[in-house]
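Enquirer: Just the structure for this:
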Amino acid sequence: HIRIAVIDDGPGMDAALLQEVRSRLESEEEVYRHIGLVNTDKRIKLTYQSAEGLTIRSKRRWGTVITMAVPLQRPDGGGEAE
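Expert: Residues are numbered from 1 along each chain as shown. Next up is the predicted model:
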């Protein structure tokens, strides 16, 4: 896998908001907030047939880190990913 991290040194999220965002990623319901995160998470899981999508860590006044892991091999198992 290659891990890609996006780091935001903004205000971060408190524990309640972070849990809400994480819950929305795991939910099967249609969501209308944080739709970019949900869409990206689902596409990674579908494209790479992986249970691992986005990982979100955040702390109030410290910022947020969103990490995704992408396999180095194509989903069909043939050679390196393009």
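
Enquirer: what about this protein, any weak spots by pLDDT?
Expert: Applying pLDDT under 70 to the chain flags the ranges 30-34, 74-82.

Enquirer: what sits opposite the residue positioned nearest the centre of it in the beta ladder?
Expert: For the chain, the residue nearest the mean C-alpha position is L54 (1.7 Å; Cα atoms, centre = their mean). L54 has these beta-bridge partners by DSSP bridges: M68.

Enquirer: show me what contacts it?
Expert: Contacts here follow Cβ atoms under 8 Å, 6 or more residues apart in numbering; on that basis L54 touches 25, 37, 40-41, 44, 66-68. For glycine as for every other residue, the C-beta is placed from the backbone atoms N, C-alpha and C.

Enquirer: Could you check how far it is from R43?
Expert: Using Cβ to Cβ, to the nearest Å, L54 is found at 10 Å from R43.

Enquirer: same question, R24
Expert: Distance, R24 to R43, using Cβ to Cβ: 15 Å.

Enquirer: if we can go back for a sec, which one of the contacts of L54 has the most neighbours?
Expert: Most neighbours among these, by other Cβ atoms under 10 Å: D41, with 21 neighbours.

Enquirer: which residue packs closest to that one, ignoring adjacent ones?
Expert: In space, and not counting its chain neighbours, D41 is closest to G53: 3.8 Å by Cβ to Cβ, 6 or more residues apart in numbering.

Enquirer: mind listing what that neighbour touches?
Expert: Neighbours of G53 in contact, by Cβ under 8 Å, 6+ apart: 25, 40-42, 44-45, 68.

Enquirer: next one: S58
Expert: 12-13, 17-18, 64-65.

Enquirer: how about a markdown table for the residues you listed, with distance to L72 added?
Expert: Output for the contacts of S58, formatted as a markdown table (distance: Cβ to Cβ, whole Å):
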| residue | distance to L72 |
| --- | --- |
| G12 | 31 |
| M13 | 31 |
| L17 | 33 |
| L18 | 29 |
| T64 | 26 |
| V65 | 22 |
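
Enquirer: Could you work out the most separated pair of these?
Expert: Largest separation among the contacts of S58 by Cβ to Cβ: L17 and V65, giving 14.9 Å.
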